[in-house]
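# Take this sequence and fold it.
(one chain, ligands or ions: 1)
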Amino acid sequence: MWGPGRRGDIIGGVETLQVGICEDDAQLRSVLERALRREGFAVRVTASGREAVEVFSAAPPDLLVLDIGLPDADGRDVCQALRVNSVSSPVIFLTARSALTDRLSGFHVGADDYVTKPFAVAELIARIRVAARRRAETAAEPAAGGLEVDPVVHAVRNGERTVQLTPTEFRMLAALAARPGQVVRRAELRSAAWPDGAIVHDNTIDAYVVRLRRKLAEVASAEALETVRGVGYVLR
Ligand code: CA
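Numbering: from 1, shown residues only. As a prediction, this is how the structure comes out:
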């Protein structure tokens, strides 16, 4: 599945870095695949958000390169769904040069980075090397119970039960479910749920939490969304 090296292969005394790519532009995808392989990375490419969640949840790479503008999903939502599935790999987002770029500076999930299209492949490779150095050494927390989130249709699933979420509900729940048992501060929830930087008041966040509690009950979630007064919320 990973080529040319497999996980743990040692080439020239250095462990092969596994890079997962999700890019829907076939030409760019193949340019990246070839360039990164030439660098000695093991590369696995995917072309849609759905495929990326499936492939990279099953076999998390050391690092992910995710296009934000995918045909079936927002690459940031794909990232969140992977986080919920305990994939802690650093992510470098690819984004078109637009107004979004400025707002993205406020977007952060862990050690994530972004590169604006068009970019020189050498620039991406340099970023990959930096991100790989600071990649989290700690293992990911186990995912929240049986909850799964779907970034394509914005839904939450628990076993056989599925309930539809709005994109904002999806983003808020994914931020909480990616860190089960940990308190997520209001400011973090705000930037996760409104990644383009809307002005959002605390009572709006509270209203979303009420809706999420109802939806978690609908899927018979074992986890509940608890309030930590004056700080934020925790899913446990
Ligand atoms: Ca695209």
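# going forward, measure contacts and count neighbours with C-alpha atoms only.
Will do.
# what does the domain assignment say about this structure?
Partitioning the chain according to automatic domain parsing yields domains covering residues 9-134, 147-235.
# what's the residue nearest the centre of the chain sitting at in phi/psi?
With distances taken as CA atoms, centre = their mean, the chain has residue 79 as the residue nearest its mean C-alpha position (1.3 Å). Dihedral pair for residue 79: phi -60, psi -50, per degrees, to the nearest 10.
# Report the contact partners of it.
Neighbour list for residue 79: 66, 91 [criterion: CA atoms under 8 Å, 6 or more residues apart in numbering].
# For the residue of the chain found nearest the ion, report the pLDDT, please.
Of the chain, the residue with the smallest distance to the ion, taken as CA to the ion, is residue 69 at 4.1 Å. We note a pLDDT of 91 for residue 69 in this prediction.
# likewise the one 5 residues further on?
Listed pLDDT for residue 74 reads 91.
# List the contacts of it.
49, 68, 151, 152.
# Can you say which of the residues you listed are buried?
When burial is judged by neighbour count using 16 or more other CA atoms under 10 Å, the buried members of these are 49, 68, 151, 152.
# The last one and residue 51 touch, don't they?
No - Residue 152 sits out of contact with residue 51 when judged by CA atoms under 8 Å, with a separation of 10.3 Å.
# Of the contacts of residue 74, just say which sits nearest to residue 129.
residue 68 (20.5 Å; CA to CA).
# burial count for the residue lying closest to that closest one once chain neighbours are set aside?
The shortest distance from residue 68 to any non-neighbouring residue, by CA to CA, 6 or more residues apart in numbering, is to residue 75 (3.8 Å). For residue 75, the neighbour count with other CA atoms under 10 Å is 26.
# from memory residue 75 sits against residue 65, does it?
No - contact status for residue 75 versus residue 65: not in contact, 9.6 Å apart, counting by CA under 8 Å.
# Can you pull the residues that touch both of those two?
Common neighbours of residue 75 and residue 65, counting by CA under 8 Å, 6+ apart, are residue 93.
# what number of residues lie near residue 130?
Using other CA under 10 Å, residue 130 is surrounded by 11 other residues.
# Can you add distance to residue 171 and give the buried ones among the contacts of residue 74 back as CSV?
Formatted as CSV, the buried ones among the contacts of residue 74 follow (distance: CA to CA, whole Å):
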residue, distance to residue 171
49, 15
68, 15
151, 9
152, 12
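# Can you lay out the residues you listed as a markdown table showing secondary structure?
Rendered in a markdown table, the data for the buried ones among the contacts of residue 74 read as follows (DSSP: H, G, I helix; E, B strand; the rest coil):
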| residue | secondary structure |
| --- | --- |
| 49 | helix |
| 68 | coil |
| 151 | coil |
| 152 | coil |
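# Confidence-wise, which of those comes last?
On pLDDT alone, residue 68 ranks lowest of these, at 91.
# what sits against it?
In this structure, residue 68 makes contact with 74, 75, 76, 93, 94, 95, judged by CA under 8 Å, 6+ apart.
# For it, give me phi and psi.
Listed backbone geometry of residue 68 is phi -80, psi -40, with angles given as degrees, to the nearest 10.
# in the protein, what secondary structure element scores lowest on mean pLDDT?
Sorted by mean pLDDT, DSSP states H and E, the helices and strands of the chain end with strand 10-11, the least confident at a mean of 48.
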